[in-house]
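Visitor: would you be able to build a 3D model of this:
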Amino acid sequence: MLSSRLIFACLLVAPTLIPARIQAQTCETPAFQPVTGNGVIEWNKFPDFSLPFKVIFGGPRGNDASQTPLRKGFSHLANFSGTDGTQLPAQNRAILWYGTATGLGQPWETIESPWANNMNAYRNKWAENLRSFAALFSDSQGKAFPNADMLMVDIERHYNTNDSILSLKRRNLVPAPYSALPDAAFLTRYQRDMQNLYAAPLKYMRDNGLPASVKLTSYADVPIRNTFVNVDGNSWQDWTTNPDRVHYLTKDTVTNNVGGSFYNYQDFLLPSAYYLYDSPSPFAGNYLSYLLFQVEANKAWSKKDIIPIVWLRYTSTLNGVPIRNWMAEATAIFPFFSGAKGIWVWESPVHFNPTDNLAMYEYFIQGLYRLSQFKDFFDGGTIYIPKSARDHFADRDPIWRGVVKGNRILIAAHAPFASDNQTTTLTARYGAWQQTLTLKGHETLLCAFDIPETANNVLTLKPYPNPGRGNLTAEVFSSAARLARLQVVSLSGQVLLDTSVQLAAGVTNLPLSAYSLPAGLVVVRISDGTTHASSRLLIR
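Guide: Numbering: from 1, shown residues only. Got it, this is the predicted structure:
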């Protein structure tokens, strides 16, 4: 499967850039005619195809009685209909458990409090809900749990900010011993108890016999939770190294790192990446960097699979206006270039109207189909990320990502801030190789290129935080395992640090202690005697 190594490109020393020779296949976007009628997805316009990812379809099924999405790039169904109860295999079932914490009028539901809840009532509710899911399928009718491959709990009953948590001290439903706590102790206790309460339904399932083969997750409860407006409020290094950015629901209170009871019960992580702004909003083009940030930031903190959940409508509209068609196509392609192991396509049971035009779904399927033509890249390939999604969000520039396998690179590129007829030119670089890419309007380019053997020996280096002081990190990407020397050199040429390091193929994060280094500008460099990379570092 695809390597989970995320490669952030850095400065190479005096590279000799080698232009690319395009592969035999065309880079043109295939001709595509979206549906013009309403309420239908014309699945048969796409050939049967598959992908090496978990792609969950929760969209409209219409009169589908033959599990058609499973032949068109999707691996799981989350919206059941027709003959699914008898014909849908368990390995293709994804269950969304709405209202895990609601329906009983308990403090968890009414004021988002972890205290004084009737847990016996909750356990009875959970047992009833799970038996209802089991009854959907002939092979689990009458059982306590459904036969399925994955199950998502949808809780959404907690406060995020300190101020909102502290406001509970004024609520009558909060027991007096908690309300009397000092603010700092109240915050700590709330966060700990809420984390354990969130873990309770997952623990209930595991303790009562849910098979380990059923993979559990929770809607949007991931280490890096954020609102759209604060993505560029912190540096990329801060997002990926500062424990203060980790949400308390997924933080171990002992280690102050990702972990804890609730996180440990999740088998994969499901960040949400809904879209807020349409043109002419100046933020409309940030949709793609926002989506990729959810994947990249959470992947930096967790080794668990990341599967973002998306909605092909704008969340900021009351009637669920569909996103632009080209957004849907890019949404189907790009997450896998940031390390996602799948994507969950959700549809609101409230906003869906059977008279809607569903062209956005067809563009999403078209994106999956295009990706399937290159699926061999994701078997043993290595993801290449030249610039973090956070930095793209701040800079509002065109985005490209690559997957390298052998002497070939698959590139996806998109200009989300372009106008409809604008031509955008950018240069993709991987080591000493480069290729000029030309994008038309909002198209998503997807194309494979040869990398000459002489250009495929890549070594890059990025020290961070920069500027920095104390314990730093040198992030090194190497195209192959090798022994190298890491040095820190003053601008006058004095060697301040010199050590031998073993590099793995892909990314190696090397600790770099700057405590003994003088303040000022230095050069960090790495070399195996043949290939070299360097970067300037400002010591505070």
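Visitor: hey, where'd the helices end up in this protein?
Guide: Counting by DSSP state H, the chain has helices at residues 84-87, 107-110, 119-134, 162-166, 176-179, 183-207, 236-241, 261-265, 287-301, 325-333, 359-372, 389-395.
Visitor: now render the ones you listed as a markdown table, adding mean neighbour count, distance to T499 and mean pLDDT.
Guide: Where you see a C-beta, it was placed from the backbone N, CA and C, and this is true even at glycine. Formatted as a markdown table, the entries for these read as follows, by neighbours: other Cβ atoms under 10 Å; distance: least, Cβ to Cβ, whole Å; pLDDT from 0 to 100:
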| stretch | mean neighbour count | distance to T499 | mean pLDDT |
| --- | --- | --- | --- |
| helix 84-87 | 14 | 59 | 97 |
| helix 107-110 | 19 | 52 | 98 |
| helix 119-134 | 15 | 54 | 99 |
| helix 162-166 | 14 | 42 | 98 |
| helix 176-179 | 12 | 51 | 97 |
| helix 183-207 | 18 | 40 | 98 |
| helix 236-241 | 19 | 21 | 88 |
| helix 261-265 | 20 | 35 | 99 |
| helix 287-301 | 25 | 25 | 97 |
| helix 325-333 | 24 | 41 | 98 |
| helix 359-372 | 23 | 42 | 98 |
| helix 389-395 | 20 | 29 | 97 |
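Visitor: need these in JSON lines with distance to Q502, can you?
Guide: Written out in JSON lines, the entries for the helices of the chain read as follows (distance: least, Cβ to Cβ, whole Å):
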{"stretch": "helix 84-87", "distance to Q502": "51"}
{"stretch": "helix 107-110", "distance to Q502": "50"}
{"stretch": "helix 119-134", "distance to Q502": "49"}
{"stretch": "helix 162-166", "distance to Q502": "44"}
{"stretch": "helix 176-179", "distance to Q502": "52"}
{"stretch": "helix 183-207", "distance to Q502": "38"}
{"stretch": "helix 236-241", "distance to Q502": "23"}
{"stretch": "helix 261-265", "distance to Q502": "31"}
{"stretch": "helix 287-301", "distance to Q502": "22"}
{"stretch": "helix 325-333", "distance to Q502": "35"}
{"stretch": "helix 359-372", "distance to Q502": "35"}
{"stretch": "helix 389-395", "distance to Q502": "30"}
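Visitor: which one of those lies nearest to P30?
Guide: Nearest of the helices of the chain to P30, taken as Cβ to Cβ: helix 359-372 at 6.8 Å.
Visitor: mind saving the C-alpha coords of stretch 453-460 as CSV?
Guide: Once side chains and other backbone atoms are set aside, the C-alpha atoms of stretch 453-460 remain, and they are given as CSV (Å, rounded to 0.1, in the frame of the first residue of the first chain):
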residue,chain,number,x,y,z
GLU,A,453,17.5,8.1,-13.3
THR,A,454,20.1,10.8,-12.8
ALA,A,455,17.5,13.1,-11.2
ASN,A,456,16.0,10.5,-8.9
ASN,A,457,18.6,10.6,-6.2
VAL,A,458,16.9,13.1,-3.9
LEU,A,459,18.1,14.5,-0.6
THR,A,460,16.2,17.4,1.1
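Visitor: how many neighbours does R245 have?
Guide: Per other Cβ atoms under 10 Å, the neighbour tally for R245 reads 18.
Visitor: now do the nearest residue to it once chain neighbours are set aside against V489, distance only.
Guide: In space, R245 comes closest to W239 once its chain neighbours are excluded; the distance is 5.6 Å by Cβ to Cβ, 6 or more residues apart in numbering. With the distance defined as Cβ to Cβ, to the nearest Å, W239 ends up 29 Å from V489.
Visitor: please tell me how far Y515 sits from D498.
Guide: Shown here: Y515 relative to D498, a distance of 16 Å by Cβ to Cβ.
Visitor: to T438, which of the helices of the chain lies closest?
Guide: Each of those was scored for nearness to T438 using Cβ to Cβ, and the closest is helix 325-333 (16.3 Å).
Visitor: can you map out the strands along the stretch 351-500 of the chain?
Guide: All strands of the stretch 351-500 of the chain, identified by DSSP state E, counting those that start in this stretch, fall at 382-385, 399-405, 408-414, 423-430, 433-440, 444-450, 459-464, 471-478, 482-490, 495-503.
Visitor: can you check which of the ones you listed gets nearest to T255?
Guide: Across the strands of the stretch 351-500 of the chain, T255 has its closest neighbour in strand 471-478 (16.5 Å, Cβ to Cβ).
Visitor: partners of that closest one, with directions?
Guide: Under the criterion DSSP bridges, strand 471-478 sits next to strand 459-464 (antiparallel), strand 506-513 (antiparallel) in its sheet.
Visitor: and the angle from the shortest one to strand 495-503?
Guide: The one in question is strand 459-464. When axes from the mean of the first three to the mean of the last three Cα atoms, to 10 degrees is applied, the directions of strand 459-464 and strand 495-503 differ by 120 degrees.
Visitor: buried stuff in strand 459-464?
Guide: Neighbour-count burial for strand 459-464 flags 459-464 (criterion: 16 or more other Cβ atoms under 10 Å).
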